[in-house]
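> just a sequence and a predicted model for now, questions to come.
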Amino acid sequence: MRIVLLLLQKEFLQIFRNRAMLPIIFVFPIIQLVILSFAATHDVKNIALAVLDQDHSSTSRLLVSKLTASGYFTLAGMPLSDHQGFELIEKDAADVFLTIPAHFERDVLKKQPTSLQVQVNAINGQKAGLAASYAGEVFKEFRISDFGFRIGGVPGKSEIRNLQSEIRYWYNPSLDYKTFMVPGILGELVAMLVLILSAMNVVREKEIGTIEQINVTPIRKWQFILGKLLPFLFIGLFDLALGLTVGKLLFNIPLEGDLWLVFAFCVANIFAVLGIGFFISNFADTQQQAMFIAWFFMVIFILMSGLFTPIESMPEWAQAMTVPNPIAHFVTVMRLVLLKGSGWADIRYNFFVMIGLGVLFNALAVWTYRKTAG
């Protein structure tokens, strides 16, 4: 154990003497957390709306004003014909083209069936779906059920009059997307930082030639690997604590569950990620090679982690591939514990999967590490 402690001392001295590494460890993750939390959002705003008003009535103007006042739509133009409206969409000057028919106000006041045509640019399917959904919500607020509209050919049920609905949002009452994204981004950043640094660490010893000096010593392989990996475990835990502090102070993310569960899972997750990083370093000769290999796997891990798209929406084969994905488990646990207040029973599956992955990859790392002189 004394040998491991001496190796830890050596590693921390190297880390803190490396001025280029200190910002990567302590500054860049926080900057990324802040920037990504504001930028990585599925909320779609400033949707360009073009309106062909063939009625020119106070009711049609009221409908347009409700759309623009919703905070989601901005009026991009008032074309005088369908052709002009299509041109706005083709030039990307408009995302949504609304056609209000003639005699719209008359039919509304007489409670006669009428139609609204909404045409949406669907190149970005997600944006198109949200735009149509936002427009539908505004139409509902315009008391469509009382007026008896037809939207897209679906008759309004004018016989439903005094129906009231109350919607309650659990775990994120304000529907703030940052509340949903910050825990996931934090988990992803910690795992990404630990993977890249651990993959480059041993390779750095190869590049500067100190690996040969270590290899001729009586240090065992497991002692060397443990001494190499433990510093990054402590760094990962520190970055997690720092990120949670910034997330609470800057974004006011809820901390509903027990933080010890978050840190306990972080240890298990970093244990697995460190094994992957060290395994990569055994097959890389330069830090550049190690970084590219680590980044190759990291991109796959991030895109299939459920951070930006739900895992449940993926094909079954893709869902199966998320099982050995450490970032997918980290994102899930962070959201469950911090937002939902989940306990041990809810995350033990993720915990045991991480332990299994950690044992597997660290065993492979020890097995493939060649302790040879020269």
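Nice, thanks for sending it over. Just so it is clear, the model here is predicted, and its values are computed rather than measured.
> buried residues in the helix or strand hosting Ile24?
Assigned by DSSP states H and E, Ile24 belongs to helix 21-26. Buried residues in helix 21-26, counting neighbours by 16 or more other Cβ atoms under 10 Å, are found at Met21, Ile25. (Glycine included, C-beta is placed from N, CA and C.)
> distance from the chain centre to it, please.
Centre-to-centre, helix 21-26 and its host chain are 23 Å apart (Cα atoms, centre = their mean, to the nearest Å).
> likewise stretch 334-343?
16 Å.
> continuing past the helix holding Ile24, what's the next helix or strand?
Once the chain leaves helix 21-26, the next helix or strand it forms, by DSSP H and E, is helix 28-39.
> ok, residues contacting that next one?
Helix 28-39 has contacts (Cβ atoms under 8 Å, 6 or more residues apart in numbering) with 178, 181-182, 185-186, 189-190, 193, 239, 242-243, 246-247, 250-251.
> what pLDDT, on average, does that helix get?
Regarding helix 28-39, the rounded mean pLDDT is 80.
> and what of stretch 244-258?
Mean predicted confidence for stretch 244-258 is 90.
> low-confidence stretches in the stretch 1-150 of the chain?
Residue ranges of the stretch 1-150 of the chain with pLDDT under 70: 1, 20, 40-43, 143-150.
> can you pull out the helices in it?
Here the stretch 1-150 of the chain has its helices, by DSSP state H, counting those that start in this stretch, at 2-17, 21-26, 28-39, 58-69, 82-90, 104-109, 125-141, 144-147.
> list the buried residues for the longest one?
When neighbours are counted by 16+ other Cβ under 10 Å, the buried residues of helix 125-141 are found to be Lys127, Ala128, Leu130, Ala131, Ala132, Tyr134, Ala135, Val138, Phe139.
> which of those lies closest to Phe86?
Nearest to Phe86 among the buried residues of helix 125-141, counting by Cβ to Cβ, is Ala128 at 15.7 Å.
> residue contacts, the closest one?
Here Ala128 is in contact with Asp95, Val120, Asn121, Ala122 (criterion: Cβ under 8 Å, 6+ apart).
> pull the longest helix from this structure.
Counting by DSSP state H, the longest helix found in the chain is helix 177-208.
> quick check: mean pLDDT of that one?
The pLDDT scores in helix 177-208 average 84.
> just the buried residues of it, please?
Buried residues in helix 177-208, counting neighbours by 16+ other Cβ under 10 Å, are found at 178-206.
> and the gap between the nearest residue to Leu62 once chain neighbours are set aside and Leu116?
Ranked by Cβ to Cβ, 6 or more residues apart in numbering and with sequence neighbours excluded, the top spatial neighbour of Leu62 is Phe142, at 7.8 Å. The spacing between Phe142 and Leu116, counted by Cβ to Cβ, to the nearest Å, is 10 Å.
> same for the longest helix of the chain, what does it pack against?
Applying 3 or more Cβ pairs under 8 Å, 6 or more residues apart in numbering; DSSP states H and E, one finds that helix 177-208 makes contact with helix 21-26, helix 28-39, helix 210-215, helix 221-246, helix 259-281, helix 287-303, helix 326-335.
> out of these, which one sits most buried?
Ranked by mean neighbour count, the helices and strands packed on helix 177-208 are led by helix 326-335 with a mean of 27 (mean count of other Cβ atoms under 10 Å).
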